[in-house]
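Chemist: Sequence and predicted structure, then a few things I'm wondering about:
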Number of protein chains: 2
Amino acid sequence: MDKSALVSELLELFRQHGYEGVSIGDVSKATGLGKSSLYHHFPGGKEEMALEVLGHIDMAVKQYFIAPLKAEGAPEAKLKAMAKTIEEFYEGGRKGCIVDGLTLGAASAPFQELIRNCLEAWIEAMAAVAKEHGVSEKLARERAENALIAIEGALVVSRALQNYQIFKRVTRNLPRLILD
Amino acid sequence: MDKSALVSELLELFRQHGYEGVSIGDVSKATGLGKSSLYHHFPGGKEEMALEVLGHIDMAVKQYFIAPLKAEGAPEAKLKAMAKTIEEFYEGGRKGCIVDGLTLGAASAPFQELIRNCLEAWIEAMAAVAKEHGVSEKLARERAENALIAIEGALVVSRALQNYQIFKRVTRNLPRLILD
DNA sequence: GTCTATACTAGGATAGAC
DNA sequence: GTCTATCCTAGTATAGAC
């Protein structure tokens, strides 16, 4: 298991249990590595693990969510592609959101700025597509925020109601939410 | 400090830190009571604390969110009143949501049914108001779900971006979201 | 780079005095 | 109903062998 696979496993743990819900012992079980091996890879302990996960997420958001929005193409098509990627990334809403897991509780302070920057960049990219489609500056920003709210909200509500049709419906409707 | 004040304090802790993020020691500090006193009030420990909090929340949702929607009055006015109550309850988005805090992680299993029932009742009540206003059955349900999604999502995003204007905007727009 | 062993702290829970 | 004292487990972290 190389570092990248390790970080993927950590992502799964944090998004499912939240920062405080994951212990080093849990990580050890999930990865098959002893505690000392984990501290070899992450001398800073759990906090460093979460920071590495956030770095990974930041790259993934830029590469998979934002870059396609900035490419050439019709606004509608680009947003549709993004919606599909989101549905896959969250496995139809079953996976939970790392933003949620890492902003809860007092331990979240070291992560806040990273998360904020990452989400701001994503909102900006969605707003740019709306503007490209003729939406005013102010309204574009508002709709992009609403899109993110819909995604995060749908993840929470789907999980709470154990009804994943809801997440599907919301992602499908994302292009309409931003353009109309 | 009587039981009701105790439960209110617990609510604050769980919504801010999540279930796994709250220790009995934290509760002891926050309430000024020793650990043994806490186990006197909640023999079932932390799980019982969370269950009592959920009972409290269930009543509050029924009384403050649902009952006004079922009373006589114009749909618009009733939803406006609900939005105002929500904004107060979450203190403009600064307070975080107990649903979020108690559905994260493996420890959440004992709470799931309670939470689902509570949210379902709330959704149904919002959908009924939409139908009263002439919206079709299917669309009314969808919009009510969207309203809940917007509330939960706005709480997560406001916290992540540390921008509470967003929560305010979303609550203000709730009546429009459900009726138009 | 991984392991075993170990130290230490924090967390959950109980006993028994007042 | 609250306290002090205590127990045990789980959690974080490190040392040192291989």
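Modeler: Nice, thanks for sending it over. Note that the structure is predicted; figures quoted are calculated from it, not measured.
Chemist: ok, residue A:95 touching residue A:15?
Modeler: Yes - with contact defined as C-beta atoms under 8 Å, residue A:95 reaches residue A:15; the gap is 6.1 Å. The way it works is simple: take the backbone N, C-alpha and C, and place the C-beta from them, glycine included.
Chemist: So for these two, which residue has more residues nearby?
Modeler: Neighbour tally, residue A:95 and residue A:15, criterion other C-beta atoms under 10 Å in any protein chain shown: the higher count belongs to residue A:15, 22 against 17.
Chemist: how about the residues of chain A that lie near DNA strand C?
Modeler: For chain A, the residues in contact with DNA strand C (C-beta under 7 Å from any atom of the strand) are A:1, A:32, A:33, A:34, A:35, A:36, A:37, A:40, A:41.
Chemist: Tell me who's in contact with the third one.
Modeler: It stands for residue A:33. Contact analysis of residue A:33 by C-beta atoms under 8 Å, 6 or more residues apart in numbering or on different chains lists A:1, A:6, A:27.
Chemist: Can you tell me which of those is closest to DNA strand D?
Modeler: residue A:27 (7.6 Å; C-beta to the nearest atom of the strand).
Chemist: The closest residue in space to that closest one that isn't next to it in sequence sits in which helix or strand?
Modeler: Nearest non-adjacent residue to residue A:27, counting by C-beta to C-beta, 6 or more residues apart in numbering or on different chains: residue A:38, 5.9 Å away. Using DSSP states H and E, residue A:38 maps to helix A:35-41.
Chemist: ok, now residue A:9?
Modeler: Per DSSP H and E: residue A:9 is located in helix A:3-17.
Chemist: and the helix or strand following that helix with helix A:3-17, angle?
Modeler: Per DSSP H and E, the first helix or strand lying C-terminal to helix A:3-17 is helix A:24-31. Per axes from the mean of the first three to the mean of the last three C-alpha atoms, to 10 degrees, the angle that helix A:24-31 makes with helix A:3-17 is 120 degrees.
Chemist: Contacts for helix A:24-31 next, please.
Modeler: A:1, A:6, A:9-10, A:12-13, A:17, A:33-35, A:38, A:45-46, A:49.
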